[in-house]
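# for reference, the sequence and a predicted model appear below.
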Amino acid sequence: MGGNDRSSLRQVGIYAAYGMEITLPAVAGLVVGYFLDRWLSTAPWFTLALLVSGFIAGIGNAFRLIKKLEKKSGEKT
């Protein structure tokens, strides 16, 4: 595996991480909210609130990841 192949795989990994950072908290909020609504008979309030909270948390995570990667790339140059 050459240096260029590693660079390409690293880029794919970084983009996959962005997607996961945004998607997973939103999906977790959706699932937890759904089960809380079923348990407490409050549909759709917990589902909506936790979905939005998860999405906001995911955006925050993605921004932190971007900041970390920018800092790391700035140290290399």
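Thanks, I have the structure now. Numbers count the residues shown, from 1 in each chain.
# need the longest helix for this structure.
The longest helix of the chain (DSSP state H) is helix 3-40.
# need the residue closest to the centroid of this structure.
The chain has residue 21 as the residue nearest its centroid, 1.6 Å off, counting by C-alpha atoms, centre = their mean.
# that one and residue 13, how far apart?
Distance from residue 21 to residue 13, counting by C-beta to C-beta, to the nearest Å: 12 Å. C-betas here are computed from N, CA, C, even on glycine.
# enumerate every residue touching the residue nearest to the centre of the chain.
Neighbour list for residue 21: 58, 61-62, 65 [criterion: C-beta atoms under 8 Å, 6 or more residues apart in numbering].
# which of these has the largest number of neighbours?
Ranked by neighbour count (other C-beta atoms under 10 Å), the contacts of residue 21 have residue 58 at the top, with 22 neighbours.
# one step back: next secondary structure after the longest helix of the chain?
helix 45-76 (DSSP states H and E).
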